[in-house]
Structure formats: C-alpha cells, structure tokens
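Asks: My questions are about this predicted structure, shown below with the sequence.
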Amino acid sequence: MTLYPRNNYGYFVLSIILAMILRILPLPTSLDTINPDWVLLVLLYWVMITPERFGVVNAWTIGLLVDVLTGRLLGQYALAYALACYVCIKLKRLRNYALLQQSLLIFLILFLSQAMLFWTENIQSPTAFQIAFWLPVITGTVCWPIVSAIFHSLRLLR
C-alpha cells in the first residue's frame, strides 16, 4: 500500500475546490479578517508531499483562478502562490521536520506570500500599513497542523 497513489490529481482538484469555497465563504467582518488563505495551505501541503507532481506551474494556475474568484488584480495571487510553492519545493526536507518546525517554516512562507500581496497591492494603489492585513498569516500557521493532520489521515484511508 503506497501513500502516494498515481491518481492524486482527483484528490488535488477536490481539495483545491473545497479550499476555494472556504476562501469565498461569506463570513462576518470580524472573522473575515482572520480567515487564513486556505488555498495556499492546501497548495503547500500538496507541494510538500509530492513536489514531483505539483509545483510552481500548478500554483501559478491556481493563483490565477483565485485572482478571478476574488476579483483581485490578475496575477497577484498567481505570483504569491508561485513564489510560496517555489520556496516550499526548495525546502526539500520540510515534510520530515517535526510539526512545530514545519509550522515555523509555514509561517515564514505565508508571511512571504502575504508580503508579496502587500507589495502588489501597494503598486496598484498605495495604502497604509494595517495589522489586520497580516492576521491571516498567524491563523494560517495555527491551522497548518489541522490541515496537515486531515490530509495525512485521508491519505492513509486510501
């Protein structure tokens, strides 16, 4: 029994669709500001587990879909997701680290992605620095062990 079956694409597509639904789910404004980037968390998981199948091109494509889905500047999420997945691929042993170490590195990757989004938004129209913009990085880091455990248990059930 292998943990990485050949038909990962169906699970990948389904998990991305569910993450996109969580991304656009209407929430109260207090919860919407802390809503983590579920799509990026799922992308990072798949890139970490099977980097030979899911990589920067997948991240770029999914990022373009998220740009269209959220109505943002076309290419903004694509650039941020591609950069985040590139860094995740370069950290080849990330999946072998303890969960606390993984969470720290995921925090840095999420911070880098959010910084890229902040940079591209400031190019489009300069805005003031707000701490609420960076809260999804913290909540994404807190949610990482949960996302990782759910996907790991689903992989073992196959």
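Replies: That came through, no problem.
Asks: in which helix or strand would I find Thr120?
Replies: helix 99-124 (DSSP states H and E).
Asks: That helix: what's the following helix or strand?
Replies: The helix or strand immediately downstream of helix 99-124 is helix 135-157, counting by DSSP H and E.
Asks: could you say what helices and strands that following helix packs with?
Replies: Packing partners of helix 135-157 (3 or more C-beta pairs under 8 Å, 6 or more residues apart in numbering; DSSP states H and E): helix 38-49, helix 99-124. In short, each C-beta sits where N, CA and C put it, glycine included.
Asks: looking just at contacts, which helices and strands does the helix or strand following the shortest one meet?
Replies: On the C-terminal side of helix 38-49, the closest following helix or strand by DSSP H and E is helix 56-70. Under the contact criterion of 3+ C-beta pairs under 8 Å, 6+ apart, helix 56-70 touches helix 8-24, helix 38-49, helix 76-90.
Asks: Okay, the nearest residue to Leu99 once chain neighbours are set aside and Val57: tell me how far apart.
Replies: Computed as C-beta to C-beta, 6 or more residues apart in numbering, the closest residue to Leu99 that is not its neighbour in sequence is Pro145, at 5.4 Å. From Pro145 across to Val57, the span is 28 Å (C-beta to C-beta, to the nearest Å).
Asks: When those two are compared, which one has more neighbours?
Replies: Pro145 (14 against 10; other C-beta atoms under 10 Å).
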